[in-house]
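**Student:** What follows is a protein structure lacking sequence information:
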C-alpha cells in the first residue's frame, strides 16, 4: 500500500495511521486500531520511516515532526 504519492502528498490511509501514533504504538496495536492486516501496517510503516514521517522507537512507532506537518 503506497503511502506517499509521487508529488510528496500522503494518502488518506497514511493520514489515518499518522493520527493514531501521536503516542508510540506497536504495529500490532496499530493494526487492531485501524482494522487493517498487520502486513499492510508494517509495509506502510517502513515506507513512512523511509520518508521521515514516522520515527521508530524500539518496537514502537511515533509520528515525526515532518509527519505532523503532513496532516
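**Tutor:** Ah, there it is. None of these values were measured; they are calculated from a predicted model.

**Student:** in this structure, which spans are helices?
**Tutor:** 12-20, 27-34, 38-50, 65-70 (DSSP state H).

**Student:** how much does the longest one deviate in direction from helix 27-34?
**Tutor:** Computed with axes from the mean of the first three to the mean of the last three C-alpha atoms, to 10 degrees, the direction of helix 38-50 lies at 110 degrees from that of helix 27-34.

**Student:** counting contacts, what elements does helix 38-50 pack onto?
**Tutor:** helix 12-20, helix 27-34, strand 54-57 (3 or more C-beta pairs under 8 Å, 6 or more residues apart in numbering; DSSP states H and E). Heads up, the C-betas are built off the backbone N, CA and C, glycines and all.

**Student:** got those as TSV, with mean neighbour count columns?
**Tutor:** Shown next, in TSV, are those (neighbours: other C-beta atoms under 10 Å):
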stretch	mean neighbour count
helix 12-20	17
helix 27-34	16
strand 54-57	16
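
**Student:** Can you check which of the ones you listed gets nearest to residue 46?
**Tutor:** Among the helices and strands packed on helix 38-50, strand 54-57 comes nearest to residue 46, with 9.2 Å by C-beta to C-beta.

**Student:** List the neighbouring strands of that closest one plus their orientation.
**Tutor:** Sheet pairing of strand 54-57 (DSSP bridges) gives strand 60-63 (antiparallel).
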